[in-house]
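Student: this one's sequence-less:
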């Protein structure tokens, strides 16, 4: 279920809120290849299934930054912020890749609002920890503390 926020005050009050889980998403070779093409990172462990089959992974693995980039998609499934002038990615505080995500694995996001602080201009800086869980694995593929800034429309509009 998507958490919906309509004011800065609601968002600030949500610090500590567990946003739950997203739907599962399969990590396909096509997705990995498209990421390699977009970033220029064609390292064989990601793009050469024959060669990667000879590694301890038994096949291709997703780029760590591809796994991290799913946080944006997962956050959009977990929360919605209305009445905005704009929202932007502000950065990340911490990123870890505890386990590789193998091609063919299913992943999902789990989100927790770590903190929400007011910023100048009727805005809120939101820190959400997104854990990219791998189906059947005790260790996640990625844990990232994302930062977003939401600037709300002036009240009375």
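Tutor: Ah, there it is. Since we're looking at a predicted model, the values are computed, not measured. Numbers count the residues shown, from 1 in each chain.

Student: any idea how far residue 100 is from residue 52?
Tutor: Separation of residue 100 from residue 52 (C-beta to C-beta, to the nearest Å): 11 Å. To be clear about C-beta, it is placed using only N, CA and C from the backbone, and glycine gets the same treatment.

Student: State which helix of the chain is the longest.
Tutor: For the chain, the helix with the greatest residue count under DSSP state H is helix 64-78.

Student: now for it, which elements pack on it?
Tutor: helix 29-39, strand 84-96, strand 106-119, strand 123-134, strand 142-152 (3 or more C-beta pairs under 8 Å, 6 or more residues apart in numbering; DSSP states H and E).

Student: what about the second one, distance to the chain center?
Tutor: What that stands for is strand 84-96. Centroid displacement of strand 84-96 relative to its chain, using C-alpha atoms, centre = their mean, to the nearest Å, is 10 Å.

Student: same question, stretch 114-126
Tutor: That offset, for stretch 114-126, works out to 19 Å (C-alpha atoms, centre = their mean).

Student: Now do that stretch: distance from first to last residue.
Tutor: Counting by C-alpha to C-alpha, to the nearest Å, you get 8 Å between the two ends of stretch 114-126.
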